[in-house]
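Novice: Give me coordinates for this.
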Amino acid sequence: MKYVIIGGVAGGASAAARLKRIQEDAEIVILEKGEHISYANCGMPYYIGNTIEERKKLFVQTPVSFGNRYDADVRTLNEVTAIHRDRKTVSVKNLRNGKEYEEAYDILLLSPGAEPIIPPVPGTDLPNIFTLRNVSDCDRIKAAAAQSLCDGTEAVIIGGGFIGLEMAENLHKLGYRVTVVEKADHILTPLDWPMAAIVQQHLADKSVRVITGNGLAAFQQEGDALSVTLDDGTTLPCRLAILSIGVRPNTRLAEACGLKIGEAKGIWVNEFLQTSDECIFAVGDAIEYPHPITGKPYCNFLAGPANLQARIAAMNMVYPQTVRYQGSVTTAIAKIFDLTAASTGLSENMLKKHNIEYQTVIVHPAAHATYYPGGSQIHLKLNFHPQNGMILGAQAVGTQNVDKQIDAISLIMKHQGTIFDLVNSEHAYAPPYGSAKSPVMFAGMVAENIMAHLMNPIQAAELDELLDKKEDINLLDVREIQEFKTGTIEGAGNYPVDELREFLDDIDPDKKTVVFCEVGLRGYVASRILMQSGFEEVYNLVGGMKTYRLVGRHFEKK
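Specialist: Residues are numbered from 1 along each chain as shown. Purely as a prediction, here's the structure:
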């Protein structure tokens, strides 16, 4: 059996390796238009910033070593220009000598990846404007960064996603003064605003300027420098600009040969990763697949799912329709200076877009036992269905153990788990590594209290709406007096939770009552006291002052 694979890296190379392991006599041809077939594209920002010092460490395998190990015919700088489904061949152009030829296949695998989105604005073809997608891009950026750098040199990143922020950190490390421009109302759109706000503040603390709610309008050349013009007319001088506004599936070959393209504009595949042609499979960034939560097709541009798809596709290419792909809940993570930010599942914006009912909690537990030195807080947000408790998404930001929490939630989500599974989950515990109640369990317990009607949550934005309307409410800060004096929410009175029972006669039980503390735990205790003392409508501020300071509009310094 002859297998032809279009494209290397995560999808194509992984599939080829799996094919050979399960079918030794397979004839495998890999056609890759670039120079490399197996490299760590996720490591490229760190090579640019000199965290990874040796370029060769980006390469998992060379074409020669891969070909030798897996007895594969690896042809780099060979671009497939057409697929002929009727005669089961592909047209190929050898980019080294310009010669063209046809290659026959029994089974074809498409792994063409995605291509960066270039906005339709003037000046994107000017020098020192880059995208980062492959090794050639990486080499060009590194060379230009070294050539342009001097004291106070400006760099502009267009796009505040994970890769854009990784590039911001690494250019900052080189000595650039960095500005990040994001058209959405906050950076890191897979995260909801309360979580993204923590990262945004951290960037400001690191002297990285962040501009949100403002898009790219044009680039201009000004002498040896660039000028970036934004939608509102703001101009940003710089020596280096990175376009990081996203990617789109590369479907040109698939479309040209008549394969089905889905509603998310990716190559349509079934659960066995077959395209609309049973002899052609597809994996990686180019495909779309139904999301496990929404059931709607979407494109997932992550290396982990691409590697899994490659393994599944290889099995089904040899043993037809034996292994089913279950989709991806889109679990992602990034290091951003001293913070780690991670997400899985759906954000509030996506839940609203798909008209999915949800509730949310925000907790700020310790990364490990508080009495063990060197600890810090994890900021964890959980989105769940208020009727059945199904986990819909989660986000975490912190300096320690962030990956551990998100990975645990992601695994439960992959099995259609609920907040009750979080409560009943089991985690390794010793003081240097965690707490007896892990952050995941703690978030589940708060969600469980909401579902059991033991607590009524109110989000910062909902509280702001009440305060904007000047509604007459009881607003109780249940922290200690010393905490209250550092600043509180406008109009709040101080009723420390340990003394709250003494003040019950001074609070109107017929008014809507909102309680809050630093992170939410004392607020919950206070709300239980009030709810069991004749107060009919009591709410606890989700995330407490820790969240409200970042996203609320009525913070009042004392």
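Novice: where along the stretch 401-550 of the chain do the helices fall?
Specialist: Ranges of helices in the stretch 401-550 of the chain, per DSSP state H, counting those that start in this stretch, are 402-414, 419-423, 439-451, 460-468, 481-484, 521-531, 544-551.
Novice: so who does residue 438 touch?
Specialist: 405, 408, 425, 427, 429 (Cβ atoms under 8 Å, 6 or more residues apart in numbering). All C-beta spots, glycine's among them, are computed from the backbone N, C-alpha and C.
Novice: could you redo the last one with a cut-off of 6 Å?
Specialist: Counting by Cβ atoms under 6 Å, 6 or more residues apart in numbering, residue 438 touches residue 427.
Novice: Kindly report the same for residue 183.
Specialist: Residue 183 makes contact with residue 215 under the criterion Cβ under 6 Å, 6+ apart.
Novice: before we move on, the earlier item: can I get the helices of the stretch 401-550 of the chain in JSON lines including mean pLDDT and mean neighbour count?
Specialist: Below are the helices of the stretch 401-550 of the chain laid out as JSON lines (pLDDT from 0 to 100; neighbours: other Cβ atoms under 10 Å):
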{"stretch": "helix 402-414", "mean pLDDT": "96", "mean neighbour count": "21"}
{"stretch": "helix 419-423", "mean pLDDT": "97", "mean neighbour count": "21"}
{"stretch": "helix 439-451", "mean pLDDT": "97", "mean neighbour count": "23"}
{"stretch": "helix 460-468", "mean pLDDT": "96", "mean neighbour count": "17"}
{"stretch": "helix 481-484", "mean pLDDT": "97", "mean neighbour count": "13"}
{"stretch": "helix 521-531", "mean pLDDT": "98", "mean neighbour count": "22"}
{"stretch": "helix 544-551", "mean pLDDT": "96", "mean neighbour count": "22"}
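Novice: Mind putting these into TSV with distance to residue 12?
Specialist: Formatted as TSV, these follow (distance: least, Cβ to Cβ, whole Å):
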stretch	distance to residue 12
helix 402-414	25
helix 419-423	36
helix 439-451	36
helix 460-468	45
helix 481-484	57
helix 521-531	50
helix 544-551	43
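Novice: Could you give me the buried positions within the longest helix along the chain?
Specialist: If you go by DSSP state H, the chain has its longest helix at helix 303-318. Buried residues in helix 303-318, counted by 16 or more other Cβ atoms under 10 Å: 303, 305-318.
Novice: moving C-terminal of that helix, what's the next helix or strand?
Specialist: For helix 303-318, the following helix or strand on the C-terminal side (DSSP states H and E) is strand 332-336.
Novice: Pull up the pairing partners for that following strand, direction included.
Specialist: strand 339-345 (antiparallel) (DSSP bridges).
Novice: got a list of contacts for the partner strand?
Specialist: 190-191, 199, 202, 329, 331-334, 392-397, 402, 406, 409-410, 413.
Novice: just stretch 9-27 next, same as before
Specialist: Against stretch 9-27 from outside (Cβ under 6 Å, 6+ apart): 1-3, 5, 28, 30, 37-38, 70, 72, 109, 111, 283-284, 303, 306-307, 310-311, 313-314, 318.
Novice: one step back: tell me the one among the buried residues of helix 303-318 nearest to residue 381.
Specialist: Minimum distance to residue 381 across the buried residues of helix 303-318 is 22.6 Å, recorded for residue 305 (Cβ to Cβ).
Novice: pLDDT weak spots in the protein?
Specialist: Within the chain, the ranges that satisfy pLDDT under 70 run 150-152, 558.
Novice: Tell me how far the residue nearest the centre of it lies from residue 47.
Specialist: For the chain, the residue nearest the mean C-alpha position is residue 332 (4.2 Å; Cα atoms, centre = their mean). Distance of residue 332 to residue 47, given as Cβ to Cβ, to the nearest Å: 20 Å.
Novice: Residue 154 now?
Specialist: Taking Cβ to Cβ as the measure, residue 154 and residue 47 are separated by 22 Å.
Novice: next one: residue 199
Specialist: Residue 199 is 23 Å from residue 47, by Cβ to Cβ.
Novice: more crowded one of those two?
Specialist: residue 199 (24 against 21; other Cβ atoms under 10 Å).
Novice: does that one sit in a helix, a strand or a coil?
Specialist: Here residue 199 is recorded as helix under DSSP: H, G, I helix; E, B strand; the rest coil.
Novice: list the contacts for it?
Specialist: Here residue 199 is in contact with 188, 336, 341 (criterion: Cβ under 6 Å, 6+ apart).
Novice: Please repeat the previous calculation with a cut-off of 7 Å.
Specialist: By Cβ atoms under 7 Å, 6 or more residues apart in numbering, the residues touching residue 199 are 187, 188, 336, 339, 341, 397.
Novice: Switch these over to CSV; also include distance to residue 16.
Specialist: Listed next are the contacts of residue 199 as CSV, based on distance: Cβ to Cβ, whole Å:
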residue, distance to residue 16
187, 37
188, 34
336, 34
339, 37
341, 33
397, 38
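Novice: Any chance of CSV for those, columns neighbour count and distance to residue 539?
Specialist: Below are the contacts of residue 199 laid out as CSV (neighbours: other Cβ atoms under 10 Å; distance: Cβ to Cβ, whole Å):
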residue, neighbour count, distance to residue 539
187, 27, 29
188, 28, 28
336, 20, 33
339, 20, 30
341, 27, 28
397, 25, 25
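Novice: nearest to residue 373, of those?
Specialist: Closest to residue 373, out of all of these and judged by Cβ to Cβ, is residue 339, at 20.3 Å.
Novice: Now do the closest one against residue 233, distance only.
Specialist: Where residue 233 is concerned, residue 339 sits at a distance of 32 Å (Cβ to Cβ).
Novice: Then residue 64?
Specialist: Relative to residue 233, and taking Cβ to Cβ, residue 64 is found at 53 Å.
Novice: circling back to that earlier point, farthest pair within the buried residues of helix 303-318?
Specialist: Based on Cβ to Cβ, the longest span within the buried residues of helix 303-318 runs between 303 and 318 and measures 23.4 Å.
Novice: wait, doesn't residue 55 sit right on residue 44?
Specialist: No - with contact defined as Cβ atoms under 7 Å, residue 55 does not count as touching residue 44 (9.9 Å).
Novice: Between those two, point out the one with more neighbours.
Specialist: Higher neighbour count among residue 55 and residue 44: residue 44, with 26 against 14, using other Cβ under 10 Å.
Novice: quick one: the more buried one from residue 130, how far?
Specialist: Taken as Cβ to Cβ, the span from residue 44 to residue 130 is 11 Å.
Novice: Over to residue 124?
Specialist: Residue 124 is 10 Å from residue 130, by Cβ to Cβ.
Novice: For those two, indicate the residue with more neighbours.
Specialist: Shown here are residue 124 and residue 130; by other Cβ under 10 Å, residue 130 has more neighbours (19 against 16).
Novice: For that one, which residues are in contact?
Specialist: Residue 130 sits next to 137, 140, 141, 242, 243 when contact means Cβ under 7 Å, 6+ apart.
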